[in-house]
Every structure is written in C-alpha cells, then in structure tokens.
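In: Provided below are the primary sequence and the corresponding predicted coordinates.
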There are 2 protein chains.
Amino acid sequence: MERVPVLKIGDILLVSIQIDMEDQVALQLQEDLADKIVVTGCHGVIIDISALDIVDSFVGRTLATIASVSKVLDADTVVVGMRPAVAITLVELGLSLPGIRTALNVELGMKLLAQEREQYELDLEDEDEEPAVSTR
Amino acid sequence: MERVPVLKIGDILLVSIQIDMEDQVALQLQEDLADKIVVTGCHGVIIDISALDIVDSFVGRTLATIASVSKVLDADTVVVGMRPAVAITLVELGLSLPGIRTALNVELGMKLLAQEREQYELDLEDEDEEPAVSTR
C-alpha cells in the first residue's frame, strides 16, 4: 500500500500529499501523523497540497479530521501550496474547509505556526498569574 | 501528468519522492529542480526517498543526475530517508549510488548541508586571502 511520509523538521511535521487520497491512504496518514506528534512532541503540522489538481469533499474532510486530531494532541495544522484552480473549485463546490488554516507556501506556513505558538505560550504565562517577572 | 513538488525551506529545496519515477516524471523533476535552484539561489537540495520500496538503477541514475546538475548550479544534494531494505538491495545489485551523499533523515540532511556550506565559505575566504591560484 502506498503511504504518505511524515517528515520532521525542527518543531514541525511536514506532509506532502502527492498520491490519490483513497480511504486506506487517508486513514494510514491520520494514524502515522498522530503517532508521530505523540512520539516527537511537535507542535505544528504542515500539509502541502501543491501536487493536488483536485481537492474533493473526501480530501477536505480528511484534512479537517487531521487538523482536529492534531489540535487535540496540542499541534496546530496549516495547509499550504493550494493551487489557484483548486481554491476556485473549492468555493464553487461550497467547500470552504472550515477549521483549516492555510498559507501560500511552506515557509509562510512555518512562520504562521511559529507566531501562533509564541502567542499561545504568552497566553499560558498570563494564565499562570505569577507576580514574578518572567525572563522570557 | 504527475509531478513531484519542490518545496523551499530556508536555504534548502526539499523533494519528497512518493510516486513511481517514470521517464517523464524524472525529467520533469530535474527541470523543476534546476529552475528552482536558479530562481531561489538555494545552496542545498534534500531528496527524501522514505516512501520508496525499491530504488532500481533508473532511480539511482536519476538521483545521480540531479546531484550533478545541482552541483553545477552550486547546490549540494543529500538523499535522506532510505529504508534499510532499500540499502541492502542496492548493495546486492551492485548499485552504490556514486557521488550521492546520504543522511538518515531530513534534519540530519539539513545539518550536513549547513556544515558543508560553512566549510565551503571558509575555503572561499582562505582563497580570497591568497589570490595566487584558484583551485576551484
């Protein structure tokens, strides 16, 4: 069976989808990704779909599920590299990919994830409400 | 036609090969990669083959060609993610991937490229100081 590899780059897991997302491939990817988030402790997932000509409702649902599972495991997901034609078709089909953040390319996706993580950690510090001054 | 995407991450171009390397796909990848090296000015190329069950002589030649073309364009190439079974088969077939550097995963590949680049720039500086004969 074909399998989509999950690559670790620093604090981010990168997935480049190039093959047809059949049921088994999608399920396997969800499982691999969840396993790898737990094992590596990464806080960000980037899914590159620049190789996809079509994003149908099944692929849309798969991406949404991956984003939800990752969120539960304390990792944010960004979908990058969407082709213009894919974006147009998505909107025409009424699929707006709810709950999925997008960025133009991998680098911008990494930037977005880093910013979010920073904000999240700042929020956490505020919640700790320790009167002492944080050095970070 | 299927196409292998080339992702830019900092000073590195990342290619994850997941589909069968037929003639057209291989040629297209070589072309895309060469174009992108020139456009972005990246100095490193990482080719991830963790999705490949088999690396035959054609794939081996393709990787070697990519490495040579990249070298001419002033970019180093590292192949990462080779499965143990693939390594064993390669050696059994007598294919030793001459001229191709390997690393275990993307992160180690990036480290290797960064080290090489640093060394290369140090060498350049040395040559600048002694403007006698350029060996490169």
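Out: Perfect, I can see it now.
In: going by C-alpha atoms from here, please, whenever you check contacts or count neighbours.
Out: Noted.
In: tell me the mean pLDDT over stretch A:97-111?
Out: Here stretch A:97-111 scores 92 as its mean pLDDT.
In: again but with stretch A:16-25, I slipped
Out: Averaging pLDDT along stretch A:16-25 yields 89.
In: what distance do you get for the nearest residue to residue A:21 once chain neighbours are set aside to chain B?
Out: Excluding the flanking residues, the one nearest residue A:21 by CA to CA, 6 or more residues apart in numbering or on different chains is residue A:59, at 6.6 Å. Residue A:59 sits at a distance of 18 Å from chain B (criterion: CA to the nearest CA, to the nearest Å).
In: would you list every one of the helices in chain A?
Out: A:23-40, A:57-72, A:84-92, A:106-128 (DSSP state H).
In: of all these, which lies closest to residue B:63?
Out: helix A:106-128 (23.5 Å; CA to CA).
In: and the closest one, what does it pack against?
Out: Helix A:106-128 sits against strand A:44-48, strand A:76-80, strand A:101-103, strand B:6-9, with contacts defined as 3 or more CA pairs under 8 Å, 6 or more residues apart in numbering or on different chains; DSSP states H and E.
In: any chance of TSV for those, columns distance to residue B:111 and mean neighbour count?
Out: Formatted as TSV, these follow (distance: least, CA to CA, whole Å; neighbours: other CA atoms under 10 Å in any protein chain shown):
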stretch	distance to residue B:111	mean neighbour count
strand A:44-48	21	26
strand A:76-80	24	25
strand A:101-103	26	18
strand B:6-9	13	20
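In: for these, give me a markdown table that also has distance to residue A:90.
Out: As requested, the helices and strands packed on helix A:106-128 are exported to a markdown table (distance: least, CA to CA, whole Å):
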| stretch | distance to residue A:90 |
| --- | --- |
| strand A:44-48 | 16 |
| strand A:76-80 | 14 |
| strand A:101-103 | 13 |
| strand B:6-9 | 23 |
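In: can you give me the neighbour number for the residue nearest to residue A:21?
Out: For residue A:59, the neighbour count with other CA atoms under 10 Å in any protein chain shown is 17.
In: am I right that it is in contact with residue A:20?
Out: No: Residue A:59 lies out of contact with residue A:20 (CA atoms under 8 Å); the separation is 9.2 Å.
In: low-confidence regions, chain A specifically.
Out: A:1, A:129-136 (pLDDT under 70).
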